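A.B. asks: Below are the sequence and a predicted model; questions follow.
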Amino acid sequence: MVTPASVVPESTQQAVGYPSLFLLVLIGALVPVIPTGALVSSAAVVAVHQTAPFSLAMVFVTASLAAFLGDAALYWLGRRGMKSKNGSRWLAALRARAPEDRLEQAQTKLAEHGVAVLVLSRLVPAGRIPVMLACLMAKWPMRRFWRGNLPACLAWAVTYQLIGILGGSLFDEPWEGVVAAIALTLLISVVPSLVRRVRRRSVPGQHP
């Protein structure tokens, strides 16, 4: 079977793929609607099937750097909104994506465990924005946020890259591995919300 990945030369894939991955993950960090985890997993699948050395390392460096810079920029914009009397659309977007119960939980855990919560927030589906907003409300300086967010982005990139490596290793064709990796990342993101919804229904007086 002939696939696009087998037709396009590896040098072209790399010249286009790494900058595209960097740009999409960066935008996804600023505007949290792009499935960046699925992008990293898909890129890792393609890297598994390439013969060029350091392909997987390049995916890791590109994804983690883009995620870190995107988070840093979003936090900086959030700090500007916190200092402004009228707020900002970035801060409003953060608040809109952080339900009150999730924000209160993030604030409590942040007060108890500090940077460790920030590190774990990127590994928990829909956990990044509430924790980031909690850091903003706690008035964390940029340097403190950076110190916690760097290992968070590294751990995030490794986790989703491992998903891609698994998908790429199980299938001979890259497109099959990409489909498997995307399906797995979407499943990981959906399951926690379903579990929370079931728990809410099981508690009297609470509604989804």
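C.D. replies: Looks like it arrived, so ask away.

A.B. asks: For burial, what's the neighbour tally of the closest residue to Phe171 other than its chain neighbours?
C.D. replies: Nearest non-adjacent residue to Phe171, counting by CB to CB, 6 or more residues apart in numbering: Gly177, 4.5 Å away. All C-beta spots, glycine's among them, are computed from the backbone N, C-alpha and C. Neighbours of Gly177 under the rule other CB atoms under 10 Å: 26.

A.B. asks: Surely Gly177 is in contact with Leu170?
C.D. replies: Yes. Applying CB atoms under 8 Å, one finds Gly177 in contact with Leu170, separated by 6.7 Å.

A.B. asks: Double-check Ser88 against Trp76; I have them as touching.
C.D. replies: No. Contact criterion CB under 8 Å: Ser88 and Trp76 do not qualify, at 11.0 Å.

A.B. asks: Which of those two has more residues huddled nearby?
C.D. replies: Between Ser88 and Trp76, Ser88 has the larger neighbour count (other CB under 10 Å), namely 16 against 13.

A.B. asks: which residues touch that one?
C.D. replies: By CB atoms under 8 Å, 6 or more residues apart in numbering, the contact set of Ser88 is 77-78, 80-81.

A.B. asks: State the distance from it to Glu100.
C.D. replies: Distance, Ser88 to Glu100, by CB to CB, to the nearest Å: 20 Å.

A.B. asks: what number of residues lie near Glu112?
C.D. replies: Count around Glu112 with other CB under 10 Å applied: 9.

A.B. asks: ok, now the one 10 residues further on?
C.D. replies: Residues contacting Arg122 under the criterion other CB under 10 Å number 26.

A.B. asks: Now do whichever strand or helix holds Trp146, average pLDDT.
C.D. replies: Counting by DSSP states H and E, the element that carries Trp146 is helix 142-170. The average pLDDT for helix 142-170 rounds to 91.

A.B. asks: Can you name every helix or strand that it contacts?
C.D. replies: helix 36-48, helix 55-83, helix 115-121, helix 174-202 (3 or more CB pairs under 8 Å, 6 or more residues apart in numbering; DSSP states H and E).

A.B. asks: I'd like to check the angle between it and helix 36-48, please.
C.D. replies: With axes from the mean of the first three to the mean of the last three CA atoms, to 10 degrees applied, the angle from helix 142-170 to helix 36-48 works out at 50 degrees.

A.B. asks: can you pull the buried residues of helix 142-170?
C.D. replies: With burial defined by 16 or more other CB atoms under 10 Å, the residues of helix 142-170 counted as buried are 145, 148-154, 156-157, 159-161, 163-168.

A.B. asks: which sections of this protein are below the confidence cut-off?
C.D. replies: Scanning the chain for pLDDT under 70 picks out the ranges 1-16, 51-52, 86-87, 189-208.

A.B. asks: The same query, at a cut-off of 90, please.
C.D. replies: Scanning the chain for pLDDT under 90 picks out the ranges 1-18, 31-35, 37-38, 42, 45-55, 80-102, 113-116, 118-127, 163-208.
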